[in-house]
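[1] Just the structure for this:
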Amino acid sequence: MTPARLRAFLARNRRVALDTSVFIYQLEANPKYLPLTDAIFRWLERPGSSAVTSAITMTELLVHPHHLRDDARINEIFGLLSTFPHLDWVSTTLQIADEAARARAHWRLRTPDAIQFATGFLAGASGLITNNQAFENTQGLDILLLDTLLL
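    Numbers count the residues shown, from 1 in each chain. This is a model prediction of the structure:
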């Protein structure tokens, strides 16, 4: 069952940005977060739902399989996620780089986090699903920390 707060978040944010942690929890079938990420990806499959993530997400997801030289896992992750319905992968542009620099300066985000934030913001997302507390003090996106759904 999807927690009411997650349902409400998805209802008020028809386009959301997804941080890398959401993908990691889903791909690793993390038992603590899997019910939440399952609900997010089921929602994303429905018409009218929309999500965006930065290409940096794919970089972060493929590091471990590349380290292991696990070509089958690399192909599995890339094939599944690059074709997932209603999920847009956005490459970093100069405009995103500038907005990310602004986010770093204002909220002291690390560069990958600032790129995620800027990507979502400029791609028209109204919310960001993450488990990174660094986003709590940002403005411009409705932030949902997965850990707050477990309380």
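
[2] any idea how far Arg102 is from Arg15?
    Separation of Arg102 from Arg15 (C-beta to C-beta, to the nearest Å): 21 Å. Quick note: C-beta positions are derived from backbone N, CA and C, even for glycine.

[3] Find the nearest non-adjacent residue to Gly16, please.
    Heads up, residue 16 is Val, not Gly. Gly127 (4.6 Å; C-beta to C-beta, 6 or more residues apart in numbering).

[4] which one of Arg102 and Arg15 has more residues nearby?
    Arg15 (17 against 14; other C-beta atoms under 10 Å).

[5] ok, that one touching Gly48?
    No - at 10.0 Å, Arg15 does not count as touching Gly48 under the criterion of C-beta atoms under 8 Å.

[6] secondary structure class for Val16?
    strand (DSSP: H, G, I helix; E, B strand; the rest coil).

[7] Which strand residues bridge it?
    Ala51, Gly127 (DSSP bridges).

[8] who touches it in this structure?
    9-10, 50-52, 120, 125-129 (C-beta atoms under 8 Å, 6 or more residues apart in numbering).

[9] Please check those and keep the buried ones.
    Buried members of the contacts of Val16, counted by 16 or more other C-beta atoms under 10 Å: 9-10, 50-52, 120, 125, 127-129.

[10] coming back round to it: redo the contacts of Val16 as a markdown table? Include distance to Val90 and pLDDT.
    What follows is the contacts of Val16, written out as a markdown table (distance: C-beta to C-beta, whole Å; pLDDT from 0 to 100):
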| residue | distance to Val90 | pLDDT |
| --- | --- | --- |
| Phe9 | 21 | 97 |
| Leu10 | 20 | 97 |
| Ser50 | 12 | 98 |
| Ala51 | 11 | 98 |
| Val52 | 6 | 98 |
| Gly120 | 9 | 98 |
| Ala125 | 10 | 98 |
| Ser126 | 16 | 98 |
| Gly127 | 16 | 98 |
| Leu128 | 13 | 98 |
| Ile129 | 16 | 98 |
